[in-house]
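In: next comes the sequence, and after it the predicted model I'd like to discuss.
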Amino acid sequence: LPASDIIDNQFTISTYEYLDFLTPFVYEINRLSCASLETINNITKDSISPKFLGWLLVKYYYSAFFSAHSILRICGHGILNVDPNSLNQIKRLANNYGYNSSNISSGLYCIEINQLNNKYKFYKDDKYDNSHEGLWLRFLHFLNQTSPLIYNHLPSYDAYEIISKLDELVTAITNNGAIKGNWLSKIRNLINYSHAYNVWYPYKGYSKELDNIFTYQSLCKGNPLNIELESFKRKDLLYFVRTCQLINSINFDLLKDLKDRHPQNKSFVLKGIIGYHNLYNKPSEFNTGLIH
């Protein structure tokens, strides 16, 4: 049910059944996380063109893009597209209850969940109104807002370790003046549209160090605290891949936590990323503990 009049592309929905409303979030988290892992698993070295990294680096980018969306949804702060059909349903409900619904339009909406009163706030924000740059800015703001809260939930040393790693991630996604947190997107664009970094034929000046990118493929399946970024800061592409993998690792670690917390061991994660992994991989290959 719409909770009040709709003003300036902002509306709140309340529900009698909190878990029912979360069902779409569950599907979204599973969809995005499976897409992230599937993308990573399909990064392979070409035997014919072993120096070719162009699209493989773009795959790393999209894996992190999917994971960032998933992390936001897991924590109740998603960005999602509200299409005209969905919007018409909201307008119809609002009109039935006598609320004004003339001031909303389709597009990208932020969502914030308040589980204490079963209310879900949708709002447009010009800062985030871009499918890539908007997502990274929202992710940056989320990281900055989350770090201070961690001390309220964990022992000091554990909190310090996690916050230090999140600070390292913030430094990476704002690298080289990317104050909107979109450094990864900027590198992706340089690779795509400028064919930068010698990762397309004729690979002029290709550095053998870039072969390390293939050794980073399993980083996302381990402890995010073990993914070190700082010493790679002056090596753009290595820094880029490791940053992508840190985001992926955080997402997978959150999913493991969700799975472990379910009292009947029936977490939705079992039908998502674990189902995908069991179908295509040997369980021992996924060493985050999602399987074990």
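Out: Cool, got the structure. Numbering: from 1, shown residues only.
In: switch to C-alpha atoms for all contacts and neighbour counts from now on
Out: Will do.
In: and the longest strand that the chain contains, what's buried?
Out: The longest strand of the chain (DSSP state E) is strand 107-114. Within strand 107-114, the residues that qualify as buried are 108-113, counting by 16 or more other Cα atoms under 10 Å.
In: helices of the stretch 151-292 of the chain, start to end?
Out: 156-173, 183-193, 236-261, 273-280 (DSSP state H, counting those that start in this stretch).
In: if we can go back for a sec, and whatever helix or strand comes next after the longest strand of the chain with strand 107-114, angle?
Out: Toward the C-terminal end, the helix or strand that comes next after strand 107-114 (DSSP states H and E) is strand 119-123. Using axes from the mean of the first three to the mean of the last three Cα atoms, to 10 degrees, the inter-axis angle of strand 119-123 relative to strand 107-114 is 150 degrees.
In: packing partners of strand 119-123?
Out: Secondary structure elements in contact with strand 119-123, counted by 3 or more Cα pairs under 8 Å, 6 or more residues apart in numbering; DSSP states H and E, are strand 10-14, strand 107-114.
In: adding distance to residue 60, write these out as a markdown table.
Out: Conversion of these to a markdown table gives the following (distance: least, Cα to Cα, whole Å):
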| stretch | distance to residue 60 |
| --- | --- |
| strand 10-14 | 34 |
| strand 107-114 | 24 |
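In: and residue 29, which of these is closest to it?
Out: Closest approach to residue 29 among the helices and strands packed on strand 119-123 (Cα to Cα): strand 107-114, 14.3 Å.
In: what secondary structure does residue 51 sit in?
Out: For residue 51, the reduced secondary structure class is coil; criterion used: DSSP: H, G, I helix; E, B strand; the rest coil.
In: distance check, it against residue 175.
Out: The gap separating residue 51 from residue 175 is 26 Å, by Cα to Cα, to the nearest Å.
In: ok, now residue 82?
Out: 31 Å.
In: contacting residues around the one residue sitting closest to the centre of the chain?
Out: For the chain, the residue nearest the mean C-alpha position is residue 68 (1.2 Å; Cα atoms, centre = their mean). For residue 68, the set of contacting residues under the criterion of Cα atoms under 8 Å, 6 or more residues apart in numbering consists of 135-136, 139, 247-248, 251.
In: related to what we said a few turns ago, of all the helices of the stretch 151-292 of the chain, which one comes closest to residue 12?
Out: Nearest to residue 12 among the helices of the stretch 151-292 of the chain is helix 236-261; the distance by Cα to Cα comes to 26.5 Å.
In: still on that earlier bit, mind checking which of residue 82 and residue 175 has more residues around it?
Out: Using other Cα atoms under 10 Å as the criterion, residue 82 and residue 175 rank with residue 175 on top: 19 against 15.
In: can you pull the pLDDT of the residue nearest to the more buried one when sequence neighbours are not counted?
Out: The shortest distance from residue 175 to any non-neighbouring residue, by Cα to Cα, 6 or more residues apart in numbering, is to residue 183 (5.9 Å). The per-residue pLDDT reported for residue 183 equals 98.
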